[in-house]
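*Asks:* please find the sequence and the predicted model below.
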Amino acid sequence: MPGGRLTQQERQQIALGLADGLAYAEIARRLDRPTSTITREVMRNGGPTGYRADLAHRATERRTRRRGQAASRGPQAPAQARGRDAEAVREYEETFTTVLMQSGMPKMTARVLACLTLADAGSLTASELVQRLQVSPASVSKAVAFLDEQGLIRRERDERRRDRYVVDDDVWYQSMIASARALTQIVETARQGVGVLGPGTPAAARLENIARFLDFVSESTVRAAEQAREVLHTKAEAASGGTAEPNSDRG
């Protein structure tokens with residue numbers, strides 16, 4: 001399997017494969033590349049409908065030049081901390097970002113969340129995010145506002161009264177609960193529609209089915225999230241060597 005960066009010819013083959021409706025795995029097979037390489041390449045260069053081989057190639061060259069310039073000025077992030085391979089960390093951060101984007105998250109939002117998640121401290125200031133990601137303050141501001149609204153991060157003030165954006169270990173639990181609450185609002189609205197449209201009518205029956213389905217999903221999501229949180233919390237206590245009985249402070 002060939003290594004190294006994608007060539008311009010390979011990018012042209014990717015563009016042709018996308019135009020033909022091929023799956024990432026099939027394009028990867030034809031190029032003898034990992035599927036993750038093709039997925040990452042497409043998602044960070046316009047997505048499956050906006051990918052252009054020449055633009056992607058030029059964008060990669062620009063990123064390579066920027067990284068070289070940043071390296072010449074000195075390290076912009078502690079990627080080598082704890083004996084890590086800086087290049088491996090960078091590649092993994094791009095892969096994690098791509099996966100978040102595939103879940104429907106906007107690109108800059110995914111980059112910010114990945115950056116925060118992979119920081120050992122689990123928190124960064126806006127200026128630190130700007131420096132690490134090499135983007136504008138406005139881009140970071142918009143991304144953290146979205147993440148805060150979704151419950152994926154929280155804001156706190158540090159000793160210098162700067163906003164610090166934090167990813168808690170509980171972040172995905174909080175996000176799932178927020179998602180379940182949003183489903184509950186849809187359920188309530190759908191059931192209001194049943195009364196407006198008249199019970200027994202086709203449209204009302206459709207709304208009732210939507211409400212029942214989403215109500216079940218919402219309740220199941222909350223139940224699963226609570227159970228998973230309980231298990232993970234107990235394991236964390238055990239791993240830390242705590243002697244307290246599990247669940248002793250929980251209802």
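*Replies:* Structure's in. What do you need?
*Asks:* show the average pLDDT along stretch 56-71.
*Replies:* Confidence for stretch 56-71, expressed as mean pLDDT, is 69.
*Asks:* oh, that last question was meant for stretch 102-115, not what I typed.
*Replies:* Rounded mean pLDDT across stretch 102-115 is 89.
*Asks:* again, but for stretch 134-152
*Replies:* The model assigns stretch 134-152 a mean pLDDT of 90.
*Asks:* pull out the buried residues from it.
*Replies:* 139-140, 143-144, 146-147, 150-152 (16 or more other Cβ atoms under 10 Å). For the C-beta atoms, the positions are set from N, CA and C on the backbone; glycine is no exception.
*Asks:* same check on stretch 47-63?
*Replies:* Result for stretch 47-63 [16+ other Cβ under 10 Å]: buried residues 51, 53, 56-57, 60.
*Asks:* need those in JSON lines with secondary structure, can you?
*Replies:* Formatted as JSON lines, the buried residues of stretch 47-63 follow (DSSP: H, G, I helix; E, B strand; the rest coil):
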{"residue": "51", "secondary structure": "coil"}
{"residue": "53", "secondary structure": "helix"}
{"residue": "56", "secondary structure": "helix"}
{"residue": "57", "secondary structure": "helix"}
{"residue": "60", "secondary structure": "helix"}
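*Asks:* between those, which is nearest residue 216?
*Replies:* Nearest to residue 216 out of those is residue 51 (Cβ to Cβ; 38.1 Å).
*Asks:* tell me which of the buried residues of stretch 47-63 is nearest to residue 176?
*Replies:* Among the buried residues of stretch 47-63, and counting by Cβ to Cβ, the member closest to residue 176 is residue 51, at 31.8 Å.
*Asks:* got phi/psi on that closest one?
*Replies:* phi -70, psi 130 (degrees, to the nearest 10).
*Asks:* what's the burial count for residue 28?
*Replies:* The tally of other residues near residue 28 (other Cβ atoms under 10 Å) stands at 21.
*Asks:* mind telling me what element it is part of?
*Replies:* Taking DSSP states H and E as the definition, residue 28 sits inside helix 24-31.
*Asks:* C-alpha coordinates for that helix, PDB please?
*Replies:* What follows is helix 24-31, C-alpha atoms only, in PDB (Å, rounded to 0.1, in the frame of the first residue of the first chain):
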ATOM      1  CA  TYR A  24     -15.100   6.100  -0.200                       C
ATOM      2  CA  ALA A  25     -14.200   2.500   0.300                       C
ATOM      3  CA  GLU A  26     -14.300   1.700  -3.400                       C
ATOM      4  CA  ILE A  27     -12.300   4.800  -4.300                       C
ATOM      5  CA  ALA A  28      -9.800   3.800  -1.700                       C
ATOM      6  CA  ARG A  29      -9.600   0.300  -3.100                       C
ATOM      7  CA  ARG A  30      -8.900   1.600  -6.600                       C
ATOM      8  CA  LEU A  31      -6.100   3.800  -5.400                       C
END
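*Asks:* returning to that earlier point: put together JSON lines for the buried residues of stretch 47-63, with distance to residue 127 on each row.
*Replies:* Converted to JSON lines, the buried residues of stretch 47-63 look like this (distance: Cβ to Cβ, whole Å):
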{"residue": "51", "distance to residue 127": "33"}
{"residue": "53", "distance to residue 127": "36"}
{"residue": "56", "distance to residue 127": "30"}
{"residue": "57", "distance to residue 127": "32"}
{"residue": "60", "distance to residue 127": "27"}
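*Asks:* neighbours of the closest residue to residue 27 other than its chain neighbours, how many?
*Replies:* Nearest residue to residue 27 in three dimensions, chain neighbours excluded: residue 17, at 3.9 Å (Cβ to Cβ, 6 or more residues apart in numbering). Residue 17 has 21 neighbouring residues, counting by other Cβ under 10 Å.
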